[in-house]
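Q: Sequence first, predicted coordinates after that:
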Number of protein chains: 2
Amino acid sequence: MPWKAPLADMQFVLQHWLRAELAWQAMPPYADIDLDLATQVLEEAARFSEQVLAPLNAPGDRQGCRLDDGDVRTPEGFAAAYRAYVEGGWPALACAPELGGQGLPQVLDAALQEMLFASNHAWAMYTGIAHGAYLCLKTHASDELQARYLPGIVSGETLPTMCLTEPQAGSDLGLLRCRAEPMGDGRYAVTGNKLFISGGDHDLTHDIVHLVLARLTDAPAGSRGLSLLLVPKWLDDGQRNAVYCDGLEHKLGIRGSATCALRFEGASGWLVGQAHGGLAAMFVMMNSARLHVGLQGLAHAQAAWQYASAYAWERRQMNAPGQAKGAADPIHLHPAMRRILLELRVRTEGMRALGYWAAHWLDIADASADLAQRAKASKLAALLTPIIKAVFTDLGFNLASKALQVFGGYGYTCEFAIEQTLRDSRIAMIYEGTNEVQANDLLLRKVLGDGGEGFALLLVELRQETGAGEEGDALRRVCDTLEMVLAKVQLSAANDPEYPYRAAGDFLQLCGTALQAYAWARTCRCIQALPVDAPQRLEKQESARYFFDYLLPDFDRQVAAIDAAAAPLPFIHQPF
Amino acid sequence: MPWKAPLADMQFVLQHWLRAELAWQAMPPYADIDLDLATQVLEEAARFSEQVLAPLNAPGDRQGCRLDDGDVRTPEGFAAAYRAYVEGGWPALACAPELGGQGLPQVLDAALQEMLFASNHAWAMYTGIAHGAYLCLKTHASDELQARYLPGIVSGETLPTMCLTEPQAGSDLGLLRCRAEPMGDGRYAVTGNKLFISGGDHDLTHDIVHLVLARLTDAPAGSRGLSLLLVPKWLDDGQRNAVYCDGLEHKLGIRGSATCALRFEGASGWLVGQAHGGLAAMFVMMNSARLHVGLQGLAHAQAAWQYASAYAWERRQMNAPGQAKGAADPIHLHPAMRRILLELRVRTEGMRALGYWAAHWLDIADASADLAQRAKASKLAALLTPIIKAVFTDLGFNLASKALQVFGGYGYTCEFAIEQTLRDSRIAMIYEGTNEVQANDLLLRKVLGDGGEGFALLLVELRQETGAGEEGDALRRVCDTLEMVLAKVQLSAANDPEYPYRAAGDFLQLCGTALQAYAWARTCRCIQALPVDAPQRLEKQESARYFFDYLLPDFDRQVAAIDAAAAPLPFIHQPF
């Protein structure tokens, strides 16, 4: 069945969960935006995703990309879809009006991204980095560089890339070797090999703007010696710059996305930001880019829920317990399938609320009239980002696998979309910082690094929903436990420097479960605004019950894991 | 790196964990087998798997099978490998000597299967069903049919298939439509469509013997109206029988395995066993076949552990906490990677002990001189089978995914074997009864169905290892809890017929964790027989600690899940 955008739930999150219209009134740039406009934008994005992108998803996967005499050819239809995307003004959605953007809040961009990734992850890889590159250049590039390159990125005439990884340097950017030598005229000659560059070459736009981490001649060793350079595919004199695509990766999934090995051979580049300030320049785009990857997890979970529920309605096998004897029942009536389907729905809708909430904090951090709110929002967004990136992408893959189980043998064949969802979803656990890197970032830097200050802010937010009902009580217990856990973690870390590295993964998952408890407690409050007999209200109520009854017990397991990590962790003495 | 067979641990399980030589002395058919012979067999199997099968694994996946004018062509080298397999006498390994077999115990066949599946799952699909078909025919077929077809299966001249699934009938065999009409001369004309038939056609052997579930003309509806028919590809007059391969499935993995849609058009067949007794005839092979699938989970976990540990030795990224400052460390020193690698090793070795233990119970059930032991062994094997099938295959896939994480971006490319391991491993959660079907089989039929008698036998076995040390204490707590849980489950099931269907999946996982606790408690006892300074002894000790410290806390989560399932389970009112 064709993919459909989850508009009703998106609107529920904006209208009832975030009360976005009211919130936007406190943000001067968004003060005029109302829900009607937001709905129009979402409906347009849904139409584009459903009608243009979704039909290209399976064919693009089968066809993949190819390297044709040094030039990358994307799957049939991808370039035309990109032209439609540009004509629709989508690249400019969340860019500033003074730069040609539409000036809409990031929370709407989050909904757009969810739809792009759900309908065609591979295609959306080409556009996915654009907003981050826009932010990076807007914040760090010189006026000349901005004037030359920002308008093209905002309009979509040009697509950017992020060139970080090298064969020997993935998680460890300190090992990067790519170098940049001053050419005396303000330009730098960039030389080196970059690996796994998404959209490193393609036929969607004429020019491509590479943002490249490299070392200047006098750079110190390690990650503090990195500079960011802008290296275009084409120079202004019409010459091809010395950037070459040496090969495309054959991958488990997102096969329509060109993952390139790039060779820079003294290519002309311009410094973005300060010399040796490359990491700082990159960090600007980090929260936005990592949130986008988290939204990929949501997108795949949504697609998986959609595919599995439709199939479970059609497929009949065996008499389900409690149903009238006779013909085989639709499998959604069987308890084991109900559990999978409920988990798919509950996790998906919980992630959506939390993901948009994080985007909303980014908007507050950017645009609130209240400077104290901005500072708080910025801290919260920084804290939420690694949790959302890792927890959502783990869930995206794991839920795709659970959904596949609903299809039985059919799910293992390439005829059903769920097979591709499983493959596509797996990458998000790896790129933009592996989920293990996210866990260390969360616990070591964001939680222990600031003495628990940001974490305390998050707890204050969570406690807002501990007011009423069983769900509120459960969330209160979660918050109390989190506080205790943090104190324990701080103590253990002080005595045993390796401890937080052992506990980081579990701590992140624990936070993820706490956030989901928050999401569903808040949902229980928000649905009071819906008509008593609205099907959405009943479904949300049942979803919340399922979460608290069947899924929240994960929390205690994760707390136990935090304790367990106090035990020594053996070394591996030899490989197999 | 090339795949290598885990001989050292296999030998540990046979020699120290099972004390197999002693046990075989109590089984008349195996009384002469000693560890030296067993070792020779395993070493030969390792050589074949490493040198013949493993090199065909990735190429076979890339090439896949094709349908050439109605005939299936397997990947290059598959047929030659099969000839080598036949020449090595491997099909006959666990067959009776009076039928031309080698008369070795199933536990050695389990080790053989592990190696075949780890080195080349797709190839091993062609041979994987042969032993089950052998058992089925030996037990149920007429003397004439046995005389005509068993020798070919034992020698490997012929390969069998199992034809169960039809497009509308997967988990629910009651919905099968394929029919068989008597032809008056003892033959039946078999007509219908079968789906997902592994090795339904291929070029490994001239003849193929299909075992087909179908309905006789006078059959009652539902699963009690099924009969088993033997339908050869070639008739004895040299004519091709009316069985046609209409298509091959394009699949996520095991792409070198021909998954066929077969059309029977009045094909000549012979009844195996009683009319309408098809299910009983199938059940003979069930425990053996499901154990084999469980061993696929072990095989993939082993391969994943092997690939990931080798890569973690080569790859250097960042300074690991507690290591000398300076150059980047091999990633196996980083705590997050150590946790993944330890889990891979611990789960793999625990599964191996348990999987071979189950095969050993099958041997006792078949061959013990003590009839009471046989009866007990048979019950235990029946109880262990669904747990092993589901828990091992879940682990095979989940551990492949964890291992893939160790490779970072490289793991997502087709250049590293782990990518194929992830894809290949996923099927085992589905076929030979989905893991949801296994859970219902365990709780509804095997545990509640016999009033907990078989389960009590299992607890007696588990309690044998509660004697000593912290591990013994932990296992005792596990056993006590299991007893309590069972009582609770029995009570809830009596009051609420849907309850066991809601709890079945968690109950199965709970049993899986208990079995792993048993495996590691028993290992702690068995390693006392190793020299104090043997590296294997230290590693086992550390693995056991890792299991009890870091992994056993799963048990409490699973107990909580059993309680949680008392909560009502909402219905899905509409698909997305």
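A: Arrived safely. Numbers count the residues shown, from 1 in each chain, chains lettered A, B, ... in the order given.

Q: Measure how far stretch A:226-237 is from the centre of its chain, please.
A: Remark: stretch A:226-237 is offset 27 Å from the chain centroid, using Cα atoms, centre = their mean, to the nearest Å.

Q: scratch that, stretch A:435-450
A: Worked out by Cα atoms, centre = their mean, stretch A:435-450 lies 17 Å from the chain centre.

Q: One more: stretch A:4-17?
A: A distance of 18 Å separates the centroid of the chain from that of stretch A:4-17, by Cα atoms, centre = their mean.

Q: Same check on stretch A:214-224?
A: 30 Å.

Q: Convert it to CSV, retaining C-alpha atoms only.
A: Provided in CSV are the C-alpha atoms of stretch A:214-224 (Å, rounded to 0.1, in the frame of the first residue of the first chain):
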residue,chain,number,x,y,z
ALA,A,214,41.3,19.8,7.1
ARG,A,215,44.5,20.9,8.8
LEU,A,216,46.3,24.1,7.9
THR,A,217,50.0,23.9,7.5
ASP,A,218,50.8,25.2,11.0
ALA,A,219,48.0,23.3,12.7
PRO,A,220,48.5,21.6,16.1
ALA,A,221,47.9,17.8,16.2
GLY,A,222,44.6,16.3,17.3
SER,A,223,41.1,17.7,17.0
ARG,A,224,42.0,21.2,18.0
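
Q: contacting residues around it?
A: A:172-174, A:176-182, A:188, A:190, A:192, A:225-227, A:229, A:269, A:275-276, A:278-279 (Cβ atoms under 8 Å, 6 or more residues apart in numbering or on different chains). Placement of C-beta: from N, CA and C, glycine included.

Q: Please enumerate the helices of the stretch 201-350 of chain A.
A: A:278-314, A:335-367 (DSSP state H, counting those that start in this stretch).

Q: mind giving me TSV with those and columns for mean pLDDT and mean neighbour count?
A: What follows is the helices of the stretch 201-350 of chain A, written out as TSV (pLDDT from 0 to 100; neighbours: other Cβ atoms under 10 Å in any protein chain shown):
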stretch	mean pLDDT	mean neighbour count
helix A:278-314	93	25
helix A:335-367	97	25
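
Q: need those in a markdown table with distance to A:D71, can you?
A: Putting the helices of the stretch 201-350 of chain A into a markdown table (distance: least, Cβ to Cβ, whole Å) gives the following:
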| stretch | distance to A:D71 |
| --- | --- |
| helix A:278-314 | 27 |
| helix A:335-367 | 36 |
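
Q: out of those helices, nearest to B:V72?
A: helix A:278-314 (28.2 Å; Cβ to Cβ).

Q: For the closest one, name the packing helices and strands.
A: helix A:106-128, helix A:130-140, strand A:159-163, strand A:208-216, strand A:227-232, helix A:335-367, helix A:371-406, helix A:417-426 (3 or more Cβ pairs under 8 Å, 6 or more residues apart in numbering or on different chains; DSSP states H and E).

Q: Give me the angle between the second one and strand A:208-216.
A: Relative orientation of helix A:130-140 with respect to strand A:208-216: 50 degrees, computed using axes from the mean of the first three to the mean of the last three Cα atoms, to 10 degrees.

Q: before we move on, what SS does A:L104 have?
A: Under the three-state scheme (DSSP: H, G, I helix; E, B strand; the rest coil), A:L104 adopts coil.

Q: quick one, what contacts A:K379?
A: A:K379 makes contacts with A:453-454, A:457, as judged by Cβ under 8 Å, 6+ apart.

Q: what about A:K194, which helix or strand?
A: strand A:188-198 (DSSP states H and E).

Q: Can I get that strand in PDB, CA atoms only?
A: Provided in PDB are the C-alpha atoms of strand A:188-198 (Å, rounded to 0.1, in the frame of the first residue of the first chain):
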ATOM      1  CA  TYR A 188      43.700  27.300   0.300                       C
ATOM      2  CA  ALA A 189      44.700  24.200  -1.600                       C
ATOM      3  CA  VAL A 190      42.900  21.300  -0.100                       C
ATOM      4  CA  THR A 191      44.400  17.800  -0.400                       C
ATOM      5  CA  GLY A 192      43.300  14.500   1.000                       C
ATOM      6  CA  ASN A 193      40.800  11.600   0.900                       C
ATOM      7  CA  LYS A 194      37.400  11.700   2.400                       C
ATOM      8  CA  LEU A 195      35.200   8.700   2.900                       C
ATOM      9  CA  PHE A 196      31.400   8.000   3.300                       C
ATOM     10  CA  ILE A 197      30.500  11.500   1.900                       C
ATOM     11  CA  SER A 198      26.700  11.500   1.400                       C
END
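
Q: How is chain A partitioned into domains?
A: Residue ranges for the domains of chain A, per automatic domain parsing: A:7-139, A:142-147+A:158-276, A:434-565.

Q: Pipe those domains into JSON lines and attach mean pLDDT and mean neighbour count per row.
A: Listed next are those as JSON lines, based on pLDDT from 0 to 100; neighbours: other Cβ under 10 Å:
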{"stretch": "domain A:7-139", "mean pLDDT": "97", "mean neighbour count": "20"}
{"stretch": "domain A:142-147+A:158-276", "mean pLDDT": "97", "mean neighbour count": "20"}
{"stretch": "domain A:434-565", "mean pLDDT": "97", "mean neighbour count": "19"}
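
Q: Now render the ones you listed as CSV, adding distance to B:A130.
A: Listed next are these as CSV, based on distance: least, Cβ to Cβ, whole Å:
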stretch, distance to B:A130
domain A:7-139, 34
domain A:142-147+A:158-276, 31
domain A:434-565, 42
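
Q: longest strand anywhere in chain A?
A: The longest strand of chain A (DSSP state E) is strand A:259-272.
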